[in-house]
Each structure stands twice: as structure tokens, then as C-alpha cells.
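Student: the sequence and its predicted three-dimensional model are supplied below.
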Amino acid sequence: MATKRIVIDPVTRIEGHLRVEAVVEGNKITDAISSGTIFRGLEIILQNRDPRDAWAFAQRICGVCTHVHALASIRAVEDALQITIPKNANLIRNIMSATQDIQDHAVHFYHLHGFDWIDVVSALKADPAQTSAIAMSISKWPLSSTSYFTEIQNKIKKLVESGQLGIFANAYWGHPAYKLPPEVNLLGVAHYLEALNWQKEIVKIHAVFGGKNPHPNYTVGGVPSAINLHSHGVINMERLNLVKSKIDEAKTFIEQVLIPDILAIAGFYKNELWGGGIRNYMSYGDYPQTSINEPDSFLVPRGVVLDGDLTRVYEVDLKDPEQIQEFVDHSWFRYDNPDAGLHPWDGKTEPQYDGPKPPYQYLDENKGYSWSKSPRWQGKPMEVGPLARFVVAYAKGDEEIRHLVDSALQKLDLPLEALFSTLGRTLARALETQHRVNLLEKFYKDLISNIKAGDTATFNNEKWNPETWPAEAQGVGFCEAPRGSLGHWVKIKDGKIANYQAVVPTTWNASPRDAKKQLGAYEASIIDTPLANPEQPLEVLRTIHSFDPCIACACHLLDPQGHELNVVKAY
Ligand code: NFE
Ligand code: MG
């Protein structure tokens, strides 16, 4: 059968530059490569700096997951220097993380991924009265009248008639793989616009505790937020009440808009259960109730599930040199031994581009083809992210996750196996917002009762002076970022950073092949995907987007020449 090679470059509605090439036989994908096409070098920039400053540089790895790199960085330094943090600091960090997850997931669902499923142009054909009836049948969200949806439809009409689609440009409108009736498409567009407004409200929680968003402030030893309930200029009762009001708003939005939407939309796509890929899932775990050093206290559990087998969960040890390693034999980096993996404490960032000279037609999968490395756990490729966290938690018997998953699948009349798919990944991310808003309520309550009991400490300065540090130390800091397991490994020597490596969620998922030719999670996930129209590979975009790619994070490495790759091509 004749084969074709499709190139999508750049994949849009993501952060950064991702290129995907897929080999198509007939209308099925038989091979794929995923390439991160930017280099920035943040790990090099961190060398020789004061470890207490590392978070501020590391945080600039990304502007989407704006807080997690700061958190992983300070946790790494605290691990190296054995610094413990006050209870309030742990609670506030958990509140910051849950806030980040909710905002990032909602933006992904509506703004980065929604239009893979919702056809804006079809919404013009909708009967607003029917949209209103559907909206009222699935939710008590007040913005649901016929006149409201008519107004939204008129807005879209004006845009389409102007010929300038603006935020709605660059999509395969009218593609046969769109399955929603016009009325549900109209509902989706309305909520796209509402979510755009709402997402800026939830991040005010970051501004309260971290001064601003994106990139809230942090500090090694705690959080930089002084608490005094009766004082101006610090965290007081008025600020905490604002936080509570944003948590309440988020809960209403998630329960009345986001969750009903995902269930309604998934109902029309539930027969499309491809996109599972490697079915190895990993979570480092996060949301410690006591300390990050006590994984048993994590409210998002740690573990690995292999090949979708929910009967067994493997332990993960981030300090074991055999467990987590990065390979570069298909990346544009140099190791002394190109086939060996390096644990991040001994990791190297030495760029060595040996790809084709731009402009080029195709990359060569037998050579280097990405600025992303290939991380592996025990030599195996892993998927990380909301679905991975859900699979691990489900396998470990986490009751809340089991309830969330079982009730959603029951409503959709789908078996558990359906989770291992593009749809399952998108469903898990949406359901995770419900889990996180429940956590937000809990952490907020715990914070208030701890403060009311008289504990206002937020910072531990015992080891602030570098003279108290050992001559050499090493640590690892981790968290569960919106896109998955994130780790920063630091080595400190004579008060300065001697080595720094970040292995981020998108590096796991977007990774190229390794020395054993095992595909990364994106690559494996699109194999066997049927394409309705290979000239318009919407199904590929759906699956790749379902991971919520962030190439700025994955490559954390700028292309000094600024390669001209910003053309979407489909051969
Ligand atoms: Ni730039 Fe990130 C997240 C991290 S990478 S978005 O979430 O870490 O996947
Ligand atoms: Mg790295």
C-alpha cells in the first residue's frame, strides 16, 4: 500500500514549537516522530548560581505552568540542605498547586483542546432555543437563556462575516470527524468565551500568596507570604476571604460548566477509543499532608502502572540512579557514551545539532531529531499527566478517584478500559479539576484553623546562611505539574550550583525514540489512528493535544537562528 508522510509543524494551540511527522498507509498511521524544535539552555544558565536563587530562573522555563518549576526547584534545594518548612508553607504551596492545576486544565479544555471537538462554524446553524434547552437539561448554570445563546451566535456571525476569525482561525472547520450537533457546538463556544474570563479570576489566589501571576514569588524554606490577620499589607482576613471567594467560584464553574460539558461532549465521541499509546503510567505523587519527604501522606499518590495492568503498582525512587535516566541518542545533545542513559544528578546538557539544514522536508528518525531528551523509568517509556495520575490512584484504591472515574464512565456507558485512550486522557484532566477544587477547600480550611490556633509561621530561616551548608550536597525536588511528573535535580558545591537538571512532564510525553527504538508517548499514541482525511489530520491533533504539550518546558533549552518552521503542512 502506498505510504505518505504527513508533517504538522508547528502543532498549534500549545506552548512552544512541536513538530509531528506521521507515516500514513491508506488511512491509518503506521509510524510517527515527535520533535521539539527549540533550544533554550536554562540548565546551563543555572550553573554556578546561588541555589537560593535557582527557583527564579527555573520558573522561567515556562509561562504556562507558571509556578511548578519554582516549587520543584525550592524542593530540590530544601532536599539537598535538609530544610524543613512550616505547616502553613506546606498548605499554601498545596493551595498554589491546586490553583495552578485548575486554571491550566480549564484553559486547556476550552482554549487549547476544545476546538478539536467543537466546530465553531457549525454553531452558526444552531437553534439557540434548543441550545438553551440542552444547557438547562445538563446544568443549573444561570447563563443559559435563548437570548444569551442568540447573542453569542451573533458574535460568531460577525466574526465569520468579517473574514477575520481571530481566536477561531487555523482549524479544520467542517471536517467529517466533528460529531457534535450545531446546538452543542454553540454551547461549547459560549463556554469557551466564559472560561476565558473566569480563568483570570482563579489565579488571583496566586497573586494573594505569591504577589502575582504568572510567576508568583517563592522562597527556599517556606513561602514569602507573611500572615497577620489584623494587619494591612500582609496576608490578613480580607485577603483570605478573597481566596475563599475564588475557591467557591471555581467550584461552581467546575461543577456547573466544565464537568457537564466534558460529559456531554464525550458522549458524542465515545466510540473513538484510540490514542492509548504505551499504556505505561507514572506519577511521582504530590500534595503532601505532612511533608514532601513522606510519600504516604500524599493526596495524589505515587507509583508506576505498566501496560495498563491495574493489579500492580511499582514503587518510584527518584534518587535511584537505575530508575530515572535520560537518553540522547535521538536528540540533539552529546553524551560521552551516546547509547547510555544518565541519571539527572549526573546529567549533561551539551547541545549538538546534527539534523537537516532548514528548510527541510522531513526529519530522519534514524538520527537525532529533537531538542527533547528521552527520559525512561527502568528503561521504559512512560506517560505522565492527569490520566497517569488517575490510573495510578485508581490502581492504588484511592476512593475519591475511583468514584470520579466510575461515575463518569457509568454516565458515558463506557468500560474502565476506555480510559486508555485520547478521550480518557481528556476526561481525566477534566475530572481532575473536581478533585483539585475539593483539595482547595480542604487546604483552605486547614490553613484557617492552623492560623486561628495561633501558628502564623510561613518561613524557616535556620539554614539561610550558606556557612551552615555542607561543602557538597545533592537533592531532588518534584511535584505533579498540570502535565505530569516534574523533577529538578541539583548538586551544590561550595555554596553554588554544580549541576542542575530538570526532567519535565512534556519531556516524558514528547520524548523521541530511545536507544532501544522504543517510541515516546506522543509517538506511540498516534499509531493506528484512522484518518478521515489525511490532508487534514484532525485526529492527530486531538491525540497530541490530549497530552497538553508544552515544548517550552520539554526543551527548556532558543534557537539562535530562529528556524523558519512556522508553516502548517499536510502532504
Ligand atoms: Ni510548560 Fe509544564 C507542566 C512543567 S511541561 S507546562 O505542566 O513542568 O509539561
Ligand atoms: Mg532537562
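Tutor: Arrived safely, thanks for sending. Ligands and ions are numbered 1, 2, ... in the order given.

Student: could you use CA atoms for every contact and neighbour count after this?
Tutor: Noted.

Student: I'd like to know which elements the helix or strand Ala56 falls within is packed against.
Tutor: Ala56 belongs to helix 54-58 when assigned by DSSP states H and E. Contact here means 3 or more Cα pairs under 8 Å, 6 or more residues apart in numbering; DSSP states H and E; on that basis helix 54-58 packs against helix 68-81.

Student: please save the CA atoms from the helix it packs on in PDB.
Tutor: Extracted in PDB, the C-alpha atoms of helix 68-81 (Å, rounded to 0.1, in the frame of the first residue of the first chain):
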ATOM      1  CA  VAL A  68       5.600  24.400  39.300                       C
ATOM      2  CA  HIS A  69       9.200  24.900  38.300                       C
ATOM      3  CA  ALA A  70       9.700  27.300  41.200                       C
ATOM      4  CA  LEU A  71       8.200  24.700  43.500                       C
ATOM      5  CA  ALA A  72      10.300  21.800  42.200                       C
ATOM      6  CA  SER A  73      13.400  24.000  42.400                       C
ATOM      7  CA  ILE A  74      13.000  25.000  46.000                       C
ATOM      8  CA  ARG A  75      12.100  21.500  47.000                       C
ATOM      9  CA  ALA A  76      15.300  20.300  45.400                       C
ATOM     10  CA  VAL A  77      17.400  22.800  47.300                       C
ATOM     11  CA  GLU A  78      15.500  22.000  50.500                       C
ATOM     12  CA  ASP A  79      16.100  18.300  50.000                       C
ATOM     13  CA  ALA A  80      19.800  18.900  49.400                       C
ATOM     14  CA  LEU A  81      20.200  21.100  52.500                       C
END
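
Student: contacts for it, please.
Tutor: Under the criterion Cα atoms under 8 Å, 6 or more residues apart in numbering, residues 51-52, 54-56, 58-62, 84, 93, 97, 218-221, 463, 469-470, 473-479, 481, 486-492 lie in contact with helix 68-81.

Student: among those residues, which ones lie close to ligand 1?
Tutor: 62, 481, 486 (Cα under 6 Å from any ligand atom).

Student: quick check, the last one in contact with Thr506.
Tutor: Spelled out, that is Leu486. No - using Cα atoms under 8 Å as the test, Leu486 is too far from Thr506 to be in contact (9.0 Å).

Student: list the buried residues in stretch 231-248.
Tutor: For stretch 231-248, burial by neighbour count (16 or more other Cα atoms under 10 Å) applies to 235, 237, 239-240, 243-244, 246-248.

Student: tell me which of the ones next to ligand 1 among the contacts of helix 68-81 fall in strands.
Tutor: Among those, the members found in strands (DSSP state E) are 481, 486.

Student: just put the ones next to ligand 1 among the contacts of helix 68-81 in a markdown table and tack on neighbour count and distance to Thr252.
Tutor: Listed next are the ones next to ligand 1 among the contacts of helix 68-81 as a markdown table, based on neighbours: other Cα atoms under 10 Å; distance: Cα to Cα, whole Å:
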| residue | neighbour count | distance to Thr252 |
| --- | --- | --- |
| Cys62 | 21 | 29 |
| Ala481 | 28 | 23 |
| Leu486 | 27 | 29 |
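
Student: next up, the contacts around the residue of the stretch 151-300 of the chain found nearest ligand 2.
Tutor: Closest contact between the stretch 151-300 of the chain and ligand 2, by Cα to the ion, is at Tyr284 (16.6 Å). Contacts for Tyr284 (Cα under 8 Å, 6+ apart) come out as 301-303, 316, 478-480, 485-486.

Student: just send those residues back as JSON lines, with distance to ligand 2 too.
Tutor: Formatted as JSON lines, those follow (distance: Cα to the ion, whole Å):
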{"residue": "Pro301", "distance to ligand 2": "24"}
{"residue": "Arg302", "distance to ligand 2": "21"}
{"residue": "Gly303", "distance to ligand 2": "21"}
{"residue": "Val316", "distance to ligand 2": "19"}
{"residue": "Phe478", "distance to ligand 2": "13"}
{"residue": "Cys479", "distance to ligand 2": "15"}
{"residue": "Glu480", "distance to ligand 2": "16"}
{"residue": "Ser485", "distance to ligand 2": "13"}
{"residue": "Leu486", "distance to ligand 2": "10"}
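
Student: Ser525: which of these is nearest?
Tutor: When the contacts of Tyr284 are ranked by distance to Ser525 (Cα to Cα), Ser485 comes first, at 18.5 Å.

Student: show me where this protein dips below the pLDDT cut-off.
Tutor: Along the chain, segments meeting pLDDT under 70 span 1, 556-571.

Student: which parts of the protein sit against ligand 2?
Tutor: 502-503 (Cα under 5 Å from the ion).

Student: nearest to ligand 2: which residue in the chain?
Tutor: For the chain, Cα to the ion, closest residue to ligand 2: Ala502, 4.1 Å.

Student: what sits against that residue?
Tutor: Applying Cα under 8 Å, 6+ apart, we find Ala502 in contact with 43, 344, 486-489.

Student: and of those, the nearest to Lys357?
Tutor: Taking Cα to Cα as the measure, Lys357 lies nearest Glu43 of the contacts of Ala502, at 25.4 Å.

Student: can you tell me how far the closest one sits from ligand 1?
Tutor: Distance, Glu43 to ligand 1, by Cα to the nearest ligand atom, to the nearest Å: 14 Å.

Student: sec struct for that residue, please.
Tutor: Here Glu43 is recorded as helix under DSSP: H, G, I helix; E, B strand; the rest coil.

Student: next: Asn293.
Tutor: Three-state call for Asn293 (three-state DSSP): coil.

Student: i'd like the first residue to be 3 from this point on
Tutor: Done: numbering now begins at 3, and the last item shifts to Asn295.

Student: and for it, the neighbour number?
Tutor: Neighbour count for Asn295, taken as other Cα atoms under 10 Å: 12.

Student: any idea how far it lies from Asp81?
Tutor: Taking Cα to Cα, to the nearest Å as the measure, Asn295 falls 9 Å from Asp81.

Student: ok, now Cys557?
Tutor: 25 Å.

Student: who's more crowded, these two?
Tutor: When neighbours are counted by other Cα under 10 Å, Cys557 and Asp81 differ, and Cys557 comes out ahead with 30 against 20.

Student: the more buried one against Asn511, yeah?
Tutor: No - using Cα under 8 Å, Cys557 is not in contact with Asn511; the gap is 12.0 Å.

Student: list the contacts for the residue nearest in space to the middle of the chain?
Tutor: For the chain, the residue nearest the mean C-alpha position is Arg485 (2.0 Å; Cα atoms, centre = their mean). Contact analysis of Arg485 by Cα under 8 Å, 6+ apart lists 386-388, 507-508, 549-551.

Student: looking at those, which are in helices?
Tutor: Assigned to helices by DSSP state H, the following of the contacts of Arg485 qualify: 388, 507-508.

Student: so which of those also contact ligand 1?
Tutor: 507-508.

Student: which parts of the chain sit against ligand 1?
Tutor: Residues of the chain lying near ligand 1 (Cα under 6 Å from any ligand atom): 64, 66-67, 71, 483-486, 488, 506-508, 552, 554-556.

Student: out of these, who has the most neighbours?
Tutor: In terms of neighbours by other Cα under 10 Å, those top out with His71 at 30 neighbours.

Student: pretty sure Arg51 sits against Ile499.
Tutor: Yes - counting by Cα under 8 Å, Ile499 is a contact partner of Arg51 at 5.4 Å.
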